[in-house]
Structure formats: C-alpha cells, structure tokens
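K.L.:
After the sequence you'll find the predicted model.
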Amino acid sequence: QSAIDSAQYDQDVEAQAALVNKNLYVQRLANIFKDIDIDQSGSVTIDEFKDHLDDEAVRAYLESLGLEASDVWTLFKLLDADGGNLIELDEFISGCLRIKGTARGLDLAKLSYEFKWTTKRLNSFMNRTERALKSIA
C-alpha cells in the first residue's frame, strides 16, 4: 500500500508542478501581449505585432517559450482565431498554448479529415465545371 500511496503522491506533485508551470507560462504570455499592445487598446493589430516581433530579443524570447516567430504574418493569422484582423488577450494566450510544442494526434487527425473533405469538394466542383464547359462548347 505504501508504494501505491507514494506513486499517487508523485503524480499529484507532478500535476501540481505542471499547473504552476502553465500558470507561469500564461502570465509571461500576458506580459508579452501588454508589451505588444502599444496603444493599450486591449487588442493587437498586425502592425503592432510586426513592429514588436521585428525586435530580435522579442523573437528570441518567444522562441525560448516554444513559439516559432520567424514568419510574423502567419503567426498573426494563426493567433487570430476569429479572423477579425485583431488579436485580443484571450486569443493570444489560447493561440500560443495551442501552437506551443508538437501537434497532438487529434490535431493531425482533424487536419487530415478537413484536407480530405476539402479535396473531395474541390474535385466535385472541378467535375461540374468541366461538364458545364463541355456543354457550352
């Protein structure tokens, strides 16, 4: 019983440490967001984002957090979850958490499904277009 209790304690300690690390990471991201949001509007434009990420020190800091920042425009679009061309704090944090690290199996499966679905729709559209063009000729 002692070994089981010890293993459970180790898991609890590990889970608590992971939560502390995540909270610290989120706080660092919030601080970065505040630095990027130059006009303190609560949202970041592509210009604010680009200006801030042009700084090598900022880019290096983001990369130290596990975020690749070499393609500023793509990173901005990935973080802009609602497509509004502005990034708000919650979008920034959730986007960074989603992007950080390696892709999960579920992410890859979702991408695969969406790619197949899009390919199927595109092929269907191309076939209809070809038939329509042949009927015109």
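P.N.:
Looks like it came in fine. Note that the structure is a prediction, hence the values are computed from the model and not measured.
K.L.:
From now on I want contacts and neighbour counts done on CA atoms only, so please keep to that.
P.N.:
Fine.
K.L.:
which regions of the chain lie under the pLDDT threshold?
P.N.:
1, 3-10, 12-13, 17-20, 101-106 (pLDDT under 70).
K.L.:
one more time with 80
P.N.:
Residues of the chain meeting the criterion pLDDT under 80: 1-22, 61, 64-71, 99-110, 137.
K.L.:
All the strands of it, residue numbers only.
P.N.:
43-44, 87-88 (DSSP state E).
K.L.:
domain assignment for the protein?
P.N.:
For the chain, automatic domain parsing gives the domain ranges 2-101, 104-137.
K.L.:
Give me whichever of those is most buried.
P.N.:
Most buried of the domains of the chain, by mean neighbour count (mean count of other CA atoms under 10 Å): domain 2-101, with a mean of 15.
K.L.:
Please name the bridge partners of Ile87.
P.N.:
Val44 (DSSP bridges).
K.L.:
Hmm, it is touching Ser43, no?
P.N.:
Yes. Between Ile87 and Ser43 there is a contact at 5.3 Å, judged by CA atoms under 8 Å.
K.L.:
Could you give the separation of stretch 32-40 from the chain centroid?
P.N.:
18 Å (CA atoms, centre = their mean, to the nearest Å).
K.L.:
now the residue nearest to Leu78 when sequence neighbours are not counted: how far from Ile36?
P.N.:
Distance criterion CA to CA, 6 or more residues apart in numbering; nearest residue to Leu78, sequence neighbours excluded, is Gly95 at 7.0 Å. Gly95 is 15 Å from Ile36, where distance means CA to CA, to the nearest Å.
K.L.:
Then Trp73?
P.N.:
15 Å.
K.L.:
same thing with Leu67?
P.N.:
In terms of CA to CA, Leu67 sits 15 Å off from Ile36.
K.L.:
can you give me the helices in this protein?
P.N.:
2-36, 46-53, 56-64, 72-79, 89-99, 105-136 (DSSP state H).
K.L.:
Extract the C-alpha set from stretch 40-57 and format it as PDB.
P.N.:
Coordinates of each C-alpha in stretch 40-57 appear next as PDB, following Å, rounded to 0.1, in the frame of the first residue of the first chain:
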ATOM      1  CA  GLN A  40      -3.200  49.800 -24.700                       C
ATOM      2  CA  SER A  41      -6.500  49.200 -26.700                       C
ATOM      3  CA  GLY A  42      -6.800  45.600 -25.500                       C
ATOM      4  CA  SER A  43      -6.200  44.200 -29.000                       C
ATOM      5  CA  VAL A  44      -3.100  43.900 -31.200                       C
ATOM      6  CA  THR A  45      -3.000  44.900 -34.900                       C
ATOM      7  CA  ILE A  46      -0.800  43.300 -37.500                       C
ATOM      8  CA  ASP A  47       1.300  46.400 -37.400                       C
ATOM      9  CA  GLU A  48       1.800  46.400 -33.700                       C
ATOM     10  CA  PHE A  49       2.600  42.700 -33.900                       C
ATOM     11  CA  LYS A  50       5.100  43.100 -36.700                       C
ATOM     12  CA  ASP A  51       6.800  46.000 -35.100                       C
ATOM     13  CA  HIS A  52       7.200  44.100 -31.800                       C
ATOM     14  CA  LEU A  53       8.400  40.900 -33.500                       C
ATOM     15  CA  ASP A  54      10.900  42.700 -35.600                       C
ATOM     16  CA  ASP A  55      13.000  43.000 -32.400                       C
ATOM     17  CA  GLU A  56      15.400  40.100 -32.300                       C
ATOM     18  CA  ALA A  57      15.300  40.000 -28.500                       C
END
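K.L.:
I'm done for today, thanks for sticking with me.
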